[in-house]
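Participant: sequence and predicted structure are below.
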Amino acid sequence: MKPLASLFPFNGEIFFFILNWQSDYNVKTDSPELIVFAPTLETWYEQHRRDLPWRNTTDPYRIWLSEVILQQTRVAQGLPYYLRFTETYPTLPDLARADERELLRLWQGLGYYSRARNLHQTAKFIANTLNGHFPTTYHDLLDLKGIGTYTAAAVASFAFGERVPVVDGNVYRVLARVFGIEEDITTSQAKKTFAALAIRLMAHAIDPATYNQSIMEFGAIQCTPVAPNCLFCPLQQQCRAYLTGRQQLLPVKKKKAPVRDRYLTYFVFRKGAGEAMQLALRERTGRDVWQNLYEFYGTETDEPASDWRSVDVPDEVNELVMQGVLVGPAIAEQQLLSHQRIRAVFYEISIPETSNVVLPKDLNWYFMDQVRRLPKPVLIATFVEKQFG
DNA sequence: AATTCGGGGCA
DNA sequence: TGCCCAGAATT
């Protein structure tokens, strides 16, 4: 019944663990904080639990349904949907027979619509291929479409009593605070850390299902994201976050920068031809992407620039433009960064050799061999290669 | 390992 | 507005 992973709480301690091997599975080497954690929450849960419909059943179908609905969804938002779904599709065969458009219509407003499609697909799979036999273990549940580590653990423990810990957003928050874990929870490394700790804590639970419910309920109504109720917290005196006043700082979560569209217009000033050709480049300064890399003279606009003439440039640059000749059509390039989508348009402008106009400040002429050696954004390098390579 | 996928509630 | 929510699939 106990997952093998329980025997290997933390990688670095396996050797130590073997030395302390008692006859049967045990975690006698765990500290008091680790041992008391689960039972404390289980006791708290019996006193504070909300009465929610999916907590009054052990029907794996209904538990699974509730868990899928509640993925990245608050209880208050998911509850009416759960009631409507169980009304319309009381059993798994009912869901398997459902018309998908109807099902999606019922799902409307919940978001993440692939959840609904996977739900239907898996219902049909269980009803038809598995002859209605709902998978009963964490391992087998993981194979189903739309069921990941969290949902597999939830169904396995709630419906079948398996001793596997759930690790969801609540668990991250509670564990990060109580045990003072500073790892960025958005990384996959942190996911391993929390999962390992969760397994270790689960080993001390009196009842796996109750403990899993308790830690999530605890995160939802006691150890809340903002303003946790530390004053009346049963773990107050062993909570690293509380004892160090870091409740608001944990869990550490890198906020993802929204993907931002940026529009650049470059003026590619060119002089001469062949290997004697020179391009005008400048170093990009400022705390921004491409800091200290070389690029052409360019300007950024909030919206796509319709034409190079619509772009505002300093007088000295405009003077340079007027001295030259626009060569060929504008060339558009795009570069995707993790948090930005940069769309650039290049205008090549040939400056007569005879021109004695001075380059604007910061801009300098570079021969092609120099150009190739200068560090440039991929966007610029790609352009140079295509155009002059 | 990073990105994408929704929509609602709340400070 | 930005953050967060009983995450999983995809790239």
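Facilitator: Yes, it's here. Numbering: from 1, shown residues only, chains lettered A, B, ... in the order given.

Participant: give me the low-pLDDT residue ranges for chain A?
Facilitator: A:1-28, A:257-260, A:286-292, A:302, A:335-340 (pLDDT under 70).

Participant: enumerate the residues of it near DNA strand C.
Facilitator: Contacts of chain A with DNA strand C, taken as CB under 7 Å from any atom of the strand, map to A:52, A:54-55, A:66-67, A:70-75, A:112, A:114, A:118, A:144-152, A:154, A:168-170, A:173, A:213, A:216-217, A:219-220, A:225, A:253, A:255, A:258. Placement of C-beta: from N, CA and C, glycine included.

Participant: those also near DNA strand B: which ones?
Facilitator: By CB under 7 Å from any atom of the strand, the members of these lying near DNA strand B are A:Gln72, A:Thr73, A:Arg74, A:Tyr112, A:Ser114.

Participant: most neighbours among those residues, which one is it?
Facilitator: Sorting those by how many neighbours each has (other CB atoms under 10 Å) puts A:Thr73 first, at 16 neighbours.

Participant: you'd agree that residue is up against A:Arg115?
Facilitator: No. Applying CB atoms under 8 Å, one finds A:Thr73 not in contact with A:Arg115, separated by 9.1 Å.

Participant: spit out the contact partners of the closest residue to DNA strand B within chain A.
Facilitator: Residue of chain A nearest DNA strand B, by CB to the nearest atom of the strand: A:Gly111 (2.3 Å). By CB atoms under 8 Å, 6 or more residues apart in numbering, A:Gly111 lies in contact with A:Gln72, A:Thr73.

Participant: 7 Å - rerun?
Facilitator: A:Gly111 makes contact with no residue under the criterion CB atoms under 7 Å, 6 or more residues apart in numbering.

Participant: you'd agree A:Phe346 is up against A:Phe383?
Facilitator: Yes. At 5.7 Å, A:Phe346 counts as touching A:Phe383 under the criterion of CB atoms under 7 Å.

Participant: overlap of the contact sets of the two?
Facilitator: With CB under 7 Å, 6+ apart, A:Phe346 and A:Phe383 have common neighbours A:Ile331, A:Glu333.

Participant: for the top helix by length along chain A, which positions count as buried?
Facilitator: Ordering each helix of chain A by length in residues (DSSP state H) puts helix A:32-48 first. Buried residues in helix A:32-48, defined by neighbour count with 16 or more other CB atoms under 10 Å: A:Leu34, A:Ile35, A:Phe37, A:Ala38, A:Pro39, A:Thr40, A:Leu41, A:Glu42, A:Trp44, A:Tyr45.

Participant: and the next helix-or-strand element following that helix, how far out from the chain middle?
Facilitator: For helix A:32-48, the succeeding helix or strand toward the C-terminus, using DSSP states H and E, is helix A:60-69. How far helix A:60-69 lies from its chain's middle: 23 Å, per CA atoms, centre = their mean, to the nearest Å.

Participant: tell me what helix A:60-69 is packed against?
Facilitator: Counting contacts by 3 or more CB pairs under 7 Å, 6 or more residues apart in numbering; DSSP states H and E, helix A:60-69 packs against helix A:75-88, helix A:149-160.

Participant: and for the first one, what's in contact with it?
Facilitator: Translated: helix A:75-88. A:Leu52, A:Pro53, A:Trp54, A:Arg62, A:Leu65, A:Ser66, A:Ile69, A:Leu70, A:Leu106, A:Leu110.

Participant: one more pass at 6 Å, please.
Facilitator: Defining contact as CB atoms under 6 Å, 6 or more residues apart in numbering, one finds that helix A:75-88 is touched by A:Leu65, A:Ser66, A:Ile69, A:Leu70, A:Leu106, A:Leu110.

Participant: swap in stretch A:160-173?
Facilitator: Residues outside stretch A:160-173 that contact it (CB under 6 Å, 6+ apart) are A:2-3, A:136, A:138, A:150, A:153-154, A:156-157, A:185, A:194-195, A:198-199, A:202, A:208-209, A:212, A:215-216, A:219-220, A:251.

Participant: buried set for that stretch?
Facilitator: Within stretch A:160-173, the residues that count as buried by 16+ other CB under 10 Å are A:160, A:162-173.

Participant: widest-spaced pair of these?
Facilitator: A:Phe160 and A:Arg173 (26.5 Å; CB to CB).

Participant: pairing partners for the helix or strand where A:Thr265 lies, with directions?
Facilitator: In the assignment (DSSP H and E), A:Thr265 maps to strand A:260-271. When pairs are called by DSSP bridges, strand A:260-271 turns out to pair with strand A:278-283 (antiparallel), strand A:297-301 (antiparallel), strand A:340-351 (parallel).

Participant: centre of the chain to it, how far?
Facilitator: Strand A:260-271 sits 32 Å away from the centroid of its parent chain (CA atoms, centre = their mean).

Participant: same check on stretch A:229-243?
Facilitator: On the basis of CA atoms, centre = their mean, stretch A:229-243 sits 28 Å off its chain's mean C-alpha point.

Participant: list the contacts of it.
Facilitator: A:Glu33, A:Thr40, A:Trp44, A:Arg177, A:Val178, A:Gly180, A:Gln222, A:Gln247, A:Leu250.

Participant: circling back to that earlier point, list the helices and strands the longest helix of chain A packs on?
Facilitator: Contacts defined by 3 or more CB pairs under 6 Å, 6 or more residues apart in numbering; DSSP states H and E place helix A:32-48 against helix A:208-221.

Participant: surely A:Ala332 meets A:Val345?
Facilitator: Yes. Between A:Ala332 and A:Val345 there is a contact at 5.2 Å, judged by CB atoms under 6 Å.
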